[in-house]
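1. model the following, please.
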Amino acid sequence: MKIDINSDMGEGFGPYRLCDDEALMKVVSSANIACGFHAGDPDTMARMVRLAKANGVGIGAHPGLPDRLGFGRRDLPFATDELRQQMLYQLGALTAIAKAERVSVAHISFHAAMGNMVNRDPVLADVMMDAIRAVDSNLIVFAMPDSTIAQAAGRAGLKTLLLFLADRAYDAQGKLVARGLSGAVIKEEETLRARVRQFLKTGTVTSIEGETLVVPARSILVHSDTPGSLELARIVRREIESAGATIAPAAEIVE
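-> Alright, predicted model coming up:
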């Protein structure tokens, strides 16, 4: 079985860095690269693309809302077409930088509030997926299982790669527990290791209420801004290798 490990990368800007991107790029198989709105800048984007190319890591756009102070995690009252243009602007920027480095953008993964807004609105989701398809119908859309984004990508004829978030707690409905609530972010090594083992062996996760949920995912996300993210990603990688699975970028998993 092939499993992808992905992380949001290049989420600093200028001299500011959120994590050790160079080291993390040696652990993951797909990188969701911030495209200059919630984080990132042209130089950082190019550095991430070059790092991904050097390490054989799949390259993906990670568009977010134009909200550096809020790290793209606050809902902002943009109209549907404004959100569409913001997503296209960011996807276009990364696509051009990648092409100049002789590599291609393989996937797209929405960041935080932009992703939440798309997931709450099927009409907006259809608009976004149609725009993505118009740019590149081969782009793989990263999405949570049974999410509005996954459903809209299917309607648009786009390929999807479903995610398991190793470092975030789920509720009984399969939704992520909101950041800020107790237990929402998984940082303890043994807890993370147990969750990954359970997912790999049974395709399930235990919700914060104690219920067992089926998670039909093929990619494990570790947020780079989670404290200790590099070691957490290394733990995920070791667990996958111990289970006998092969770590591969999205394009090698989605046919």
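
2. so where's the stretch 151-255 of the chain shaky on pLDDT?
-> Within the stretch 151-255 of the chain, not a single segment meets pLDDT under 70.

3. the helices in it, which residues?
-> Counting by DSSP state H, counting those that start in this stretch, the stretch 151-255 of the chain has helices at residues 189-202, 229-242, 250-253.

4. out of these, which is closest to I59?
-> With Cβ to Cβ as the criterion, I59 lies closest to helix 250-253 of these, at 9.6 Å. Where you see a C-beta, it was placed from the backbone N, CA and C, and this is true even at glycine.

5. which strands or helices does the closest one pack on?
-> Counting contacts by 3 or more Cβ pairs under 8 Å, 6 or more residues apart in numbering; DSSP states H and E, helix 250-253 packs against strand 2-9, strand 58-62, strand 140-143.

6. what does it contact?
-> Residues outside helix 250-253 that contact it (Cβ atoms under 8 Å, 6 or more residues apart in numbering) are 2-4, 6, 29-30, 58, 60, 106-107, 140, 142, 161, 218-219.

7. just the buried members of the residues you listed?
-> Buried by 16 or more other Cβ atoms under 10 Å: 2-4, 6, 29-30, 58, 60, 106-107, 140, 142, 161, 218-219, out of these.

8. between those residues, which is closest to M114?
-> F142 (12.9 Å).

9. quick one: contacts for the residue nearest to that closest one when sequence neighbours are not counted?
-> What sits nearest to F142 in space, not counting adjacent residues and going by Cβ to Cβ, 6 or more residues apart in numbering, is S109, at 3.8 Å. The contact partners of S109, by Cβ under 8 Å, 6+ apart, come to N6, D8, N32, G60, A61, H62, G115, V141, F142.
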